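1. Got a predicted structure here, sequence first:
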Amino acid sequence: MDRDQQTPSRSSTADPPPTNGPIPLFDIQLRFLNDSYLSFFNERKRIEENYVDSLLKLYKKIKSIDSFLDDRSDMSTARVAWAEIRENVEREAQARNAFLSTLASDIINPLTSLKETQERTRKRIKEDLKESTSAYQEYAEVTLPKLKSRYTKKFSEVEESKRIAANPPMSPTPDYQGLSKTPVSSPQPLRALDRRPSWTAPSGRNRSPSTNTAFADLAQQGKKQLNTLMGFLDKSGSVKESLGGRENHALRTVRAKRELDEADKEYRKAVYWLETLRLRRTKILESGYNSLSMFVEECSATVKAALERYADNMAATTTTQTQLSSHARGVITKVSPEKDKNRFTSHVPRSLASAIPEPILYQHGQVGECLNLVFGFSLLDYATTKNLPEGEVPKIIRVCIAEIDKRGLDMEGIYRVSGRHAIVQTLQHEYEKDEDKFEFRPKDDIYAVASLLKLYLRELPEPVFRFLLQDRIQHTEDIEDHHSNNFALLRAKMRRLPGVHYATLKALLEHLARVAANSEKNKMDPKNLAIVFGGVIFGEDEIPKTSDLLSVQQWNDSLMEDLISNAPALFSDEPMSAHPLPAPPPGEPTPVYAYGSKTTKIVSIPPPLKSTSALSQSEDFTPKLPPRPANSIHPSARGPSSPTKERTDMGPPPPRTTAGDEFPPPSPSATSSVFETDEESSYNGESLTRTSSVAPRSPDLSPIGELEPDETVPEHPPTTSS
């Protein structure tokens, strides 16, 4: 019971966590003062002292040299101005010395004094807290449990005495009655002596044997009587003890009550003293927090005054330097180049050449110096390195989108037709050589610009918008629900993206929406753009091993197409629409709701949904093919837009077979297969073998067209025009 009663007291008096109390907060404030403020100003003073020493060394050195050189000939106007500049160095050193003295006296000394004072305060508070905590814990964990245990024991004894007094034992009564009857029967054995024969009686026979027998009987009867007497005396003593035990029990009860009162008083005093120790500890803690508050206030005031003096001294030093510079400027205006020209003309080129060293820079083996590494690194790393503000996208995406918006929206097969691999690599190296100075030239191939953007997105370690294939298929199955609630689930998923990922996704989708808006000219509708960008935006997914070819071909993923088609609604700043109405009861027609009244502000109206049951088996998702133009727009058929190596003319593409024989059935890895349209296809020193099942063709043959390394094979093979 004592152990159970001591457990709460131990838990309540446990050591506080190290982060509680004023001492850790004192340490934090002292670290602000010592590690931040004083560390900065001490280092600033050291740097200033080194700077002043360097200025004085420079002044003495230059003055000694000039005194030796100027004695040989008359001083030119430039040398006169130079002498004034040289003297300004000494004046600047004097101004810096004044700044150093104010820095030490007005800033460092007050902060150091404050730190020392508060360290002493912290030490005192820590000692008081340690002493009060130790006293409280020792009394609560050692002294108080002992007194409480003693009180509990005495209380139990008193209660036991009360219980015994209320229910006396019944055993002593029979013993007492038995003892009262004993004197009546105990003398009976002595009566045998009265019946023995008299020794004086006359007898005519020999009495010796009879006499011996009588003495033996007498001895035996004496032993019995002695034993009976001893038993009687023992029983009489037990009766007396029984009668005296009651008196002893009453005395013990009184003594136990007196001891209980003493234990209770000591226990009450102990609890009161423990509360006193607790209040003392509380007062010390409150005093510590008050001292901490005063420290924070005093530190803030001292730092404010120090910073004001620092700013004033910096302004005064800067003003002095400005005056020195103005004075030097006035002397410099008196320099006559015409007078000094004939004298120093022959020495200027040689002196200039010897004074300016040649730059020594790291040179890449092929492209030379590379100041930026952009391709192949994540968006988050780029944003952290460049400190991109919220809503900003990487420059490579911004300039590529701007260039394509400027020159490529009307180009047929944009993003579908690949730029020449050598040109794309050249643009990549030029961009990484100096990102800040990089700009596209008007002569740069727009298809190479588009391929450069796709190359950057494809090489991202983490895709812009990670979306698993199974989730995309589920999105396509629930497309009607997504249209009805204005893509609430999709918008919520996009809002959980990191800032740079969200901004990049927004810029890409809005740009692709503009490209799709010109699909009549560029033949790139949302479906074709989705085929090109689906893999690079969402990331490539592994085809499950349990899936067969038929199930892979029947998968329907329209998420990328939905993102492009509904980009204005997905990234609209207007509040999201209300929750959709519940589905109508089964068997009833779906009511048609108008989009508000004439005063309703419409953000976006979702396109009407097409019933999948109305599509026949013969219908295909591939749009109608335009007639073949006279000239192909593929970069290999155009004139070289940038210097490239000579290429041999290739023969015309092989004749097309029927739609059923042109493409083999897609394999489970078809969604991750890569193709290259340039015969110089090589990347990072590895050659990519062209897949023989896909023959090169010009972009006018199909809106799907040729696939890039980041494009995926469509769900159905494109049909050819007759």
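-> Noted; the coordinates are in hand. Residues are numbered from 1 along each chain as shown.

2. Now for residue 147: which residues touch it?
-> Residue 147 makes contact with 263, 266, 267, 270 under the criterion Cβ atoms under 8 Å, 6 or more residues apart in numbering. In short, each C-beta sits where N, CA and C put it, glycine included.

3. no, scratch that, I was asking about residue 303
-> 33, 37, 111.

4. Out of these, name the ones that lie in helices.
-> residue 111 (DSSP state H).

5. which one of the contacts of residue 303 sits closest to residue 532?
-> residue 37 (56.9 Å; Cβ to Cβ).

6. so that closest one sits right up against residue 310, yeah?
-> No - using Cβ atoms under 8 Å, residue 37 is not in contact with residue 310; the gap is 10.4 Å.

7. Flag the shaky bits of the stretch 251-400 of the chain, pLDDT-wise.
-> Residues of the stretch 251-400 of the chain meeting the criterion pLDDT under 70: 344, 346-348, 359-365.

8. Can you spell out which helices and strands pack onto the helix or strand hosting residue 426?
-> Assigned by DSSP states H and E, residue 426 belongs to helix 421-433. Judged by 3 or more Cβ pairs under 8 Å, 6 or more residues apart in numbering; DSSP states H and E, helix 421-433 is in contact with helix 446-458, strand 682-683.

9. export the ones you listed to TSV and tack on mean pLDDT, distance to residue 572 and mean neighbour count?
-> Shown next, in TSV, are the helices and strands packed on helix 421-433 (pLDDT from 0 to 100; distance: least, Cβ to Cβ, whole Å; neighbours: other Cβ atoms under 10 Å):
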stretch	mean pLDDT	distance to residue 572	mean neighbour count
helix 446-458	92	24	24
strand 682-683	34	39	14
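
10. Could you point out the helix or strand that follows the longest helix along the chain?
-> Using DSSP H to define each element, the chain has its longest helix at helix 208-332. For helix 208-332, the following helix or strand on the C-terminal side (DSSP H and E) is helix 337-344.

11. And the contacts of residue 147, which of them are buried?
-> Among the contacts of residue 147, those that count as buried by neighbour count (16 or more other Cβ atoms under 10 Å) are 263, 266, 267, 270.

12. Buried only: go through the contacts of residue 303 for me.
-> For the contacts of residue 303, buried by 16+ other Cβ under 10 Å: 33, 37, 111.

13. which ones are touching the second one?
-> Contact analysis of residue 37 by Cβ under 8 Å, 6+ apart lists 111, 303, 306.

14. can those residues go into JSON lines with extra columns for distance to residue 508?
-> As requested, these are exported to JSON lines (distance: Cβ to Cβ, whole Å):
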{"residue": "111", "distance to residue 508": "52"}
{"residue": "303", "distance to residue 508": "48"}
{"residue": "306", "distance to residue 508": "51"}
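
15. Low-confidence bits of the chain, can you list those?
-> Looking at the chain by pLDDT under 70, you get 1-20, 71-74, 168-219, 222, 231-247, 344, 346-348, 359-365, 541-555, 573-722.

16. Is it correct that residue 22 is in contact with residue 288?
-> Yes - contact criterion Cβ under 8 Å: residue 22 and residue 288 qualify, at 3.7 Å.

17. tally of neighbours for the residue lying closest to residue 430 once chain neighbours are set aside?
-> In space, and not counting its chain neighbours, residue 430 is closest to residue 438: 6.2 Å by Cβ to Cβ, 6 or more residues apart in numbering. Using other Cβ atoms under 10 Å, residue 438 has 16 neighbouring residues.

18. now swap in residue 119 and tell me
-> Residue 119, neighbours per other Cβ under 10 Å, totals 14.

19. begin at 15 from here
-> Okay, residue one is now 15; in that scheme the one you just asked about reads as residue 133.

20. Check for me that it belongs to a helix.
-> Yes - with DSSP: H, G, I helix; E, B strand; the rest coil as the criterion, residue 133 is assigned to a helix.
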